[in-house]
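**Q** Sharing a model that was predicted from the sequence below.
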Amino acid sequence: MKIGFIGLGSMGLPMASNLLKTDHELHVYNRTASKADPLKDKGAIVEKDPGELASAVDLIMTMLSDDAAVQDVLFEKGVLECMKEGAVHVSMSTASVSFIRNLNQKHRERNQYLISAPVFGRPDMAEAAKLWVVASGDKEKIDEIRSILDSLGRAVSVVGERPEQANTIKIAGNFMIASMIETLGESFSLVEKSGMDSHEFLEIMTSALFGAPVYKSYGSMIADREYIPGGFKMKHGLKDVRLALQAGDEQQVPMPLASMLHDHYLQGIAKGMSDHDWSALAEISRMAAGIGSD
């Protein structure tokens with residue numbers, strides 16, 4: 001199969017690199033063309049125009065930052081128009097539920113298929129092919145491309161036949177991570193202001209109560225205050241919390257904690273932490289406690 005991959009950022013580049021280990025022909029496009037150089041050396045076909053990529057492949061995968069970026073590539077740069085009839089678009093972005101629903105309708109009007117397949121995991125997990133893929137859409141098409149999705153991660157969860165269902169899972173999951181980061185920040189602030197070591201506290205908590213890798217990895221970053229470079233930037237964290245609030249509005253689900261997280265992330269960005277890792281949210285709690293740098 002001929003695969004097209006659009007979006008070679010911190011997540012997309014290692015994902016595309018893993019696709020090169022399969023038996024499929026890979027075409028890639030990125031707005032900043034130089035980011036494709038490592039893949040060209042490994043055998044990828046670098047396209048100068050996303051529309052040309054779309055016309056050359058049977059399956060298109062996009063890993064872009066937000067709704068606007070997907071909108072630009074699909075509609076403004078001609079990917080939707082150039083896709084073949086019967087072709088499949090796998091959207092792996094953390095996009096809004098309403099956008100994916102509308103995009104699915106546009107694909108259906110052109111006899112194309114949309115599979116939504118956002119992922120859980122950071123760039124290091126993408127490089128190691130240990131992402132968790134959450135997929136929804138036409139079941140037969142998912143079955144046809146299952147081996148391709150499998151090549152990107154340690155598991156694939158199929159959650160429904162409406163593409164936007166996978167995005168609901170992704171948005172809810174990211175909201176849970178953001179909530180965890182908030183509780184870590186508040187707890188560390190209490191421990192630190194009481195004159196105790198946050199690393200020791202983290203060791204006790206992850207051994208006795210919260211042994212999940214996500215607590216250990218984010219907890220270590222917060223205890224060490226290592227937020228640069230941001231594996232997942234604070235500005236993207238704010239975007240995802242906004243998506244959670246938007247989805248809650250649509251389903252009439254109150255999300256008061258998401259509202260607080262929105263304000264805290266906005267505060268962090270206002271203080272110049274836009275490109276810090278989103279775990280830097282913990283510094284807002286430290287500042288409020290009088291132990292952080294304002």
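**A** That came in fine, so what should we check first?
**Q** Enumerate every residue touching the residue nearest to residue 119 when sequence neighbours are not counted.
**A** In space, and not counting its chain neighbours, residue 119 is closest to residue 131: 4.3 Å by CB to CB, 6 or more residues apart in numbering. Using the backbone N, CA and C atoms, a C-beta is placed for each residue, glycine as well. Residues near residue 131 by CB atoms under 8 Å, 6 or more residues apart in numbering: 15, 119, 120, 121, 125, 152, 153, 154.
**Q** again with residue 117
**A** Taking CB under 8 Å, 6+ apart as the test, what residue 117 contacts is 90, 91, 92, 133, 134, 135, 136, 149, 156, 166.
**Q** which of the residues you listed sit farthest apart?
**A** The most widely separated members of the contacts of residue 117, counting by CB to CB, are 91 and 156 (14.9 Å).
**Q** Just give the nearest non-adjacent residue to residue 153, would you?
**A** residue 131 (3.5 Å).
**Q** mind checking how far the one you found is from residue 252?
**A** 32 Å (CB to CB, to the nearest Å).
**Q** all strands of the chain, in order?
**A** 2-6, 25-29, 45-46, 59-62, 88-91, 113-116, 119-120, 131-136, 153-160 (DSSP state E).
**Q** got the contact list for the most centrally placed residue in the chain?
**A** Centroid-nearest residue in the chain: residue 94, 5.0 Å away (criterion: CA atoms, centre = their mean). Counting by CB under 8 Å, 6+ apart, residue 94 makes contact with 66, 118, 167, 170, 171, 174, 236, 239, 240, 243.
**Q** and it, backbone torsions?
**A** phi -80, psi 90 (degrees, to the nearest 10).
**Q** just residue 111 next, same as before
**A** Taking degrees, to the nearest 10 as the convention, residue 111 sits at phi 60, psi 40.
**Q** and the closest residue to it other than its chain neighbours, how many neighbours does it have?
**A** With CB to CB, 6+ apart as the criterion, residue 111 has its nearest non-adjacent residue at 4.6 Å, and that residue is residue 85. Neighbour count for residue 85, taken as other CB atoms under 10 Å: 7.
**Q** do you know how far residue 85 is from residue 291?
**A** From residue 85 to residue 291 the distance is 60 Å (CB to CB).
**Q** Residue 212 now?
**A** 26 Å.
**Q** who's more crowded, these two?
**A** More neighbours surround residue 291 than the other of residue 212 and residue 291, with 13 against 10 (other CB under 10 Å).
**Q** buried ones in the lowest-mean-pLDDT helix or strand in the chain?
**A** Every helix and strand of the chain was ranked by mean pLDDT, DSSP states H and E. The lowest is helix 37-40, at a mean of 94. Buried residues in helix 37-40, counted by 16 or more other CB atoms under 10 Å: residue 39.
**Q** go on, stretch 118-138?
**A** Buried residues in stretch 118-138 (16+ other CB under 10 Å): 118-123, 125-127, 129, 131-138.
**Q** Need the CA coordinates for that stretch. PDB is fine.
**A** Provided in PDB are the C-alpha atoms of stretch 118-138 (Å, rounded to 0.1, in the frame of the first residue of the first chain):
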ATOM      1  CA  PRO A 118      -5.500   9.800  18.100                       C
ATOM      2  CA  VAL A 119      -2.700   8.400  20.300                       C
ATOM      3  CA  PHE A 120      -1.700   8.500  24.000                       C
ATOM      4  CA  GLY A 121       2.100   8.900  24.500                       C
ATOM      5  CA  ARG A 122       4.900  11.300  24.300                       C
ATOM      6  CA  PRO A 123       7.700  11.700  21.700                       C
ATOM      7  CA  ASP A 124       9.900   9.100  23.300                       C
ATOM      8  CA  MET A 125       7.100   6.600  23.200                       C
ATOM      9  CA  ALA A 126       6.400   7.400  19.600                       C
ATOM     10  CA  GLU A 127      10.100   6.700  18.800                       C
ATOM     11  CA  ALA A 128       9.900   3.400  20.600                       C
ATOM     12  CA  ALA A 129       6.600   2.500  18.900                       C
ATOM     13  CA  LYS A 130       4.900   2.200  22.300                       C
ATOM     14  CA  LEU A 131       2.000   4.600  21.700                       C
ATOM     15  CA  TRP A 132      -1.600   3.600  22.600                       C
ATOM     16  CA  VAL A 133      -3.800   4.100  19.500                       C
ATOM     17  CA  VAL A 134      -7.500   4.800  20.000                       C
ATOM     18  CA  ALA A 135      -9.400   4.300  16.700                       C
ATOM     19  CA  SER A 136     -13.000   4.700  15.500                       C
ATOM     20  CA  GLY A 137     -14.700   4.700  12.100                       C
ATOM     21  CA  ASP A 138     -15.700   2.200   9.500                       C
END
